[in-house]
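Novice: only geometry, no sequence info:
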């Protein structure tokens with residue numbers, strides 16, 4: 001990505017861009033199995049039933065409707081000497097690592113209550129990480145073009161994470177393990193467990209935070225009005 005900062009704003013260096021974006025690799029690598037591999041794994045391996053598993057995963061996604069705004073408010077409100085975002089990102093790592101072990105490498109029998117509890121914990125940690133990471137990226141630079149570079153780098157890392165994690169089941173199948181389904185899911189879990197602390201550690205160590213003003217609360221009516229009046233935003237949301 002070329003450096004295209006406006007006059008008066010220094011461009012974000014490539015190393016800082018890489019360090020910030022690389023946690024998106026394990027973030028993405030965890031998201032894809034949650035949608036594609038884990039529901040049939042739990043339905044077939046543990047005999048919970050596809051209907052029950054589907055209902056549990058649906059409830060876990062509805063849980064995000066509550067946790068997204070709550071954790072977003074927490075991320076905005078509470079600052080430390082590290083800044084506004086990095087301490088939340090660090091806090092999310094042990095939550096996610098523990099829940100990844102419990103979800104991707106379950107030991108013994110698994111009940112619906114076990115699955116729904118650890119999914120809720122996993123989604124809470126994942127939400128805390130992703131919201132704080134995206135918000136941090138929006139605050140790295142005040143420059144419009146540089147923000148495009150920052151978010152573009154993060155999107156590239158997300159795509160790479162999906163590509164990497166999709167190759168793991170193929171590689172595992174070539175090894176002919178005794179339980180192919182469990183080995184595939186465990187390999188994805190290990191991918192996240194290894195990369196998550198390393199990439200987050202690199203990001204919080206190498207990328208600082210800019211002092212930013214406390215965000216002003218936007219009333220709901222004003223937010224809707226901005227949506228109605230913004231043609232570019234409507235195009236983005238329609239594409240999404």
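Specialist: Looks like it arrived, so ask away. These numbers come from a predicted model, not from an experiment. Numbering: from 1, shown residues only.

Novice: my read: residue 76 touches residue 84, true?
Specialist: Yes. Counting by C-beta atoms under 8 Å, residue 76 touches residue 84, with 7.1 Å between them. All C-beta spots, glycine's among them, are computed from the backbone N, C-alpha and C.

Novice: which neighbouring elements make contact with the helix ranked longest in the chain?
Specialist: Secondary structure of the chain per DSSP state H: the longest helix is helix 144-174. On a contact count with 3 or more C-beta pairs under 8 Å, 6 or more residues apart in numbering; DSSP states H and E, helix 144-174 meets helix 14-21, helix 24-36, helix 112-139, helix 180-206.

Novice: so for residue 52, which of those sits nearest?
Specialist: Taking C-beta to C-beta, helix 112-139 is the member of those nearest to residue 52, at 5.7 Å.

Novice: now do the buried residues in that closest one.
Specialist: Judged by neighbour count using 16 or more other C-beta atoms under 10 Å, the buried positions of helix 112-139 are 114-116, 118-137, 139.

Novice: any idea of the mean pLDDT in it?
Specialist: Mean pLDDT, helix 112-139: 91.

Novice: and what of stretch 224-231?
Specialist: Mean predicted confidence for stretch 224-231 is 87.

Novice: from the chain's centre, how far out does it sit?
Specialist: 27 Å (C-alpha atoms, centre = their mean, to the nearest Å).

Novice: mind checking how far residue 19 is from residue 228?
Specialist: Applying C-beta to C-beta, to the nearest Å, the value for residue 19 to residue 228 is 38 Å.

Novice: quick check, pLDDT for residue 65.
Specialist: For residue 65, the model assigns a pLDDT of 84.

Novice: cool, residue 3 as well?
Specialist: Residue 3 is given a pLDDT of 50.

Novice: could you do residue 84 as well?
Specialist: 84.

Novice: contact partners for it?
Specialist: Applying C-beta atoms under 8 Å, 6 or more residues apart in numbering to residue 84 gives the contacts 75-76, 78, 135-136, 139, 209, 212.

Novice: ok, so of those, who is nearest residue 161?
Specialist: Among these, and counting by C-beta to C-beta, the member closest to residue 161 is residue 136, at 17.7 Å.

Novice: now the residue nearest to residue 129 when sequence neighbours are not counted: which helix or strand?
Specialist: Closest residue to residue 129 apart from its sequence neighbours, by C-beta to C-beta, 6 or more residues apart in numbering: residue 92 at 3.9 Å. For residue 92, the host element (DSSP states H and E) is helix 86-104.

Novice: who does that helix touch, helix- and strand-wise?
Specialist: Helices and strands touching helix 86-104, by 3+ C-beta pairs under 8 Å, 6+ apart, are helix 24-36, helix 50-77, helix 112-139, helix 180-206.

Novice: so it versus helix 180-206, what angle?
Specialist: 170 degrees (axes from the mean of the first three to the mean of the last three C-alpha atoms, to 10 degrees).

Novice: residues in contact with helix 86-104?
Specialist: Contacts of helix 86-104 (C-beta under 8 Å, 6+ apart): 23, 30, 33, 38, 71, 74-75, 80, 114-115, 118-119, 121-122, 124-126, 128-129, 132-133, 136, 185-186, 188-190, 192-193, 196-197, 200, 203-204, 209.
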